[in-house]
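Engineer: I'd like to go over a predicted model; first the sequence, then the structure.
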Amino acid sequence: MFQLTETPIDPRALCDAVRNPSAGGFASFEGWVRNHHQGRDVASLEYEAFPALAEKEGNRILQEICAQHDIVSARCTHRTGHLHVGDIAISIAVSAAHRDAAFDACRAIIDSIKSTVPIWKKEHYTDGTSIWVKCHACADHGHHH
Amino acid sequence: MIYGLLLAGGRSRRMGTDKAALSFHDGKSQTERGLELLRSVCDQAFVSIRDDQEAAPHTIADAFGEVGPLGAIASAQQAHPEVTWLVLACDLPLLEKKHLHTLVDARSHASDATYFTSATDGFPEPLCTLWEPSSAAIVRTAIKSGNRCPRAVLKQLNATALPSPGLWPLANINTEADALEIRARLNRSTTVKNITVTYFAQLRELTGTGSESLTTDSETPAGLFEEIRAQHNIPLKRKGMMVAVNGDFTDWTHPLADGEEVVFIPPVAGG
């Protein structure tokens, strides 16, 4: 199950949600707000989602990856709104009978979520400026070649 | 004297099929049609080709390697330095003779170039432009210094900027969705629809709204996005973006229907 939340994520709750007597392995991933990006000092972040499609796509990814790996249970929660350095932006919990499947699925889930789930990130820098991450890549100096 | 240069040496990488060979007008290829347009206002017309394409009468091969349109322009200026070059891309099916007449009529000997302003971003439209002999030095210098962007070169020149002829006359084809949109306009088969567009993140900030209802005759989300780019002066391009209609991802070729809800999705950055 993929969820968005505007309040701080409790990774322990995700861990408990995937706990199962048939699971012998547990893997988790947390994405944290870092104080720097591409050489710039980051003060805080803002995440904004297209909520309905983000949840639909997040759930599709979890289902697809659970089907590809031998997974007992998987959960993912992504934060939206204004986050500060050290806050948890995303938490993923995966349980499986064996460790390989748990590690592999956890990695595959974060990679997929980063590439297709409609969530955007605005970085606020300590110098007072801010930028929507990745947006500059498609803006292409403001005109097309 | 004005000579015409049709740019047909591109590799059409995004389109995946040679754009010069596409046909939108009575079975005529875009090359044939482009030459016809150029001949209507020029003394002679040439086709620009890559140096690995077969030379033929009235072709000008790239003399500066594969550096894109600017190299083609410099090659033509080198071959005939004394003439004014009307340079035209081969992928503008909605461009008409009247637009070329507008350009030629506005020509001034005091200018290094004459161009239309882009409807979408206000920058010069470089691929339907008159390049005077006086522009040659700056074109050559730009190529030598590694600047391959014709729009940037036009900005350096003492050029005459004409108002945009609108979004569609200079619309080029890079994707299947562009081709659908352009064919619908040529066939006059477009229909008017009311569409709700919802904006998130940078698009919400750029448009200054979370959602708007639009009346459009675009046939695909691709056409609609071009309209919105022009209306709100949005610097984002479709390349790298996704689109959702009625809450699900879809293709840019999706046929828009009245009452649909569209969300444009710039590159995502979750996690």
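Structural biologist: Yep, that arrived.
Engineer: I'd say residue B:90 and residue B:18 touch.
Structural biologist: No - counting by Cβ atoms under 8 Å, residue B:90 sits too far from residue B:18 to count as a contact (9.4 Å). (Glycine included, C-beta is placed from N, CA and C.)
Engineer: neighbour-wise, which of these two wins?
Structural biologist: Between residue B:90 and residue B:18, residue B:90 has the larger neighbour count (other Cβ atoms under 10 Å in any protein chain shown), namely 28 against 15.
Engineer: Pull the contacting residues for that one.
Structural biologist: Each residue near residue B:90 by Cβ atoms under 8 Å, 6 or more residues apart in numbering or on different chains is listed here: B:6, B:7, B:8, B:10, B:19, B:20, B:30, B:31, B:34.
Engineer: got the phi/psi numbers for the nearest residue to the last one once chain neighbours are set aside?
Structural biologist: Translated: residue B:34. Ranked by Cβ to Cβ, 6 or more residues apart in numbering or on different chains and with sequence neighbours excluded, the top spatial neighbour of residue B:34 is residue B:6, at 4.3 Å. When read as degrees, to the nearest 10, the backbone of residue B:6 gives phi -100, psi 120.
Engineer: so who does residue B:6 touch?
Structural biologist: Residue B:6 neighbours (Cβ under 8 Å, 6+ apart): B:31, B:34, B:35, B:38, B:45, B:46, B:47, B:48, B:88, B:89, B:90.
Engineer: pLDDT wise, what is residue A:135 at?
Structural biologist: Here the pLDDT value assigned to residue A:135 is 59.
Engineer: returning to what we had before: out of the contacts of residue B:6, which comes closest to residue B:265?
Structural biologist: Ranked by distance to residue B:265 (Cβ to Cβ), these are led by residue B:89 at 28.5 Å.
Engineer: Pull the contacting residues for the closest one.
Structural biologist: Contacts of residue B:89 (Cβ under 8 Å, 6+ apart): B:6, B:7, B:34, B:69, B:127, B:128, B:172.
Engineer: Residues in a beta bridge with the residue nearest to residue B:34, which ones?
Structural biologist: In this entry, residue B:6 is beta-bridged to residue B:47, residue B:88, by DSSP bridges.
Engineer: gap between it and residue B:250?
Structural biologist: For residue B:6, the distance to residue B:250 equals 35 Å [Cβ to Cβ, to the nearest Å].
Engineer: go on, residue B:262?
Structural biologist: From residue B:262 to residue B:250 the distance is 9 Å (Cβ to Cβ).
Engineer: which neighbours do residue B:90 and residue B:18 share?
Structural biologist: The contact sets of residue B:90 and residue B:18 do not overlap (Cβ under 8 Å, 6+ apart).
Engineer: Next, count neighbours for the closest residue to chain A within the stretch 101-250 of chain B.
Structural biologist: Nearest residue of the stretch 101-250 of chain B to chain A: residue B:201, at 3.6 Å (Cβ to the nearest Cβ). Using other Cβ under 10 Å, residue B:201 is surrounded by 24 other residues.
Engineer: Beta-bridge partners for the closest residue to it other than its chain neighbours, please?
Structural biologist: Of all residues not flanking residue B:201 in the chain, residue A:120 sits nearest, at 3.6 Å (Cβ to Cβ, 6+ apart). Note on residue A:120: beta-bridge partners residue A:48, judged by DSSP bridges.
Engineer: residue contacts, residue A:120?
Structural biologist: Shown in contact with residue A:120 (Cβ under 8 Å, 6+ apart): A:47-49, A:132-133, A:135, B:200-202, B:266, B:268-270.
Engineer: What pLDDT is listed against it?
Structural biologist: Note on residue A:120: pLDDT of 97.
Engineer: got the contacts of residue B:90 as JSON lines, with secondary structure columns?
Structural biologist: Listed next are these as JSON lines, based on DSSP: H, G, I helix; E, B strand; the rest coil:
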{"residue": "B:6", "secondary structure": "strand"}
{"residue": "B:7", "secondary structure": "strand"}
{"residue": "B:8", "secondary structure": "coil"}
{"residue": "B:10", "secondary structure": "coil"}
{"residue": "B:19", "secondary structure": "helix"}
{"residue": "B:20", "secondary structure": "helix"}
{"residue": "B:30", "secondary structure": "helix"}
{"residue": "B:31", "secondary structure": "helix"}
{"residue": "B:34", "secondary structure": "helix"}
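Engineer: which two of those lie the greatest distance from each other?
Structural biologist: B:10 and B:34 (12.6 Å).
Engineer: Show me which of the two is the more surrounded one.
Structural biologist: residue B:34 (26 against 21).
Engineer: so that one touches residue B:8, yeah?
Structural biologist: Yes - counting by Cβ under 8 Å, residue B:34 does reach residue B:8; the two are 7.5 Å apart.
Engineer: What are the neighbouring residues in contact with the residue in chain A positioned nearest to chain B?
Structural biologist: Closest to chain B within chain A is residue A:119: 3.2 Å, counting by Cβ to the nearest Cβ. By Cβ under 8 Å, 6+ apart, residue A:119 lies in contact with A:47, A:48, A:49, A:50, A:54, A:78, A:80, B:268, B:269, B:270, B:271.
Engineer: For chain B, list the residues in contact with chain A, please.
Structural biologist: Within reach of chain A by Cβ under 8 Å from any Cβ of the partner chain, chain B has these residues: B:68, B:118, B:121, B:123, B:148-149, B:151, B:198, B:200-202, B:204-205, B:235-237, B:239-242, B:244, B:247-249, B:263, B:265-271.
Engineer: Just the buried ones among the residues you listed, please.
Structural biologist: For the residues of chain B next to chain A, a burial check counting by 16 or more other Cβ atoms under 10 Å in any protein chain shown picks out B:68, B:118, B:121, B:123, B:148-149, B:151, B:198, B:200-202, B:235-237, B:241-242, B:244, B:249, B:263, B:265-271.
Engineer: thinking again about what came up before, please identify which of the contacts of residue B:6 is nearest to residue B:141.
Structural biologist: For those, the nearest to residue B:141 is residue B:48 (20.2 Å; Cβ to Cβ).
Engineer: Return the per-residue confidence for residue A:144.
Structural biologist: At residue A:144, pLDDT is 36.
Engineer: Ok, residue B:174 next?
Structural biologist: At residue B:174, pLDDT is 89.
Engineer: close enough to count as contact, it and residue B:16?
Structural biologist: No - counting by Cβ under 8 Å, residue B:174 stays clear of residue B:16, with 10.1 Å between them.
Engineer: Between the two, point out the one with more neighbours.
Structural biologist: Between residue B:174 and residue B:16, counting by other Cβ under 10 Å, residue B:174 is the more crowded of the two (20 against 10).
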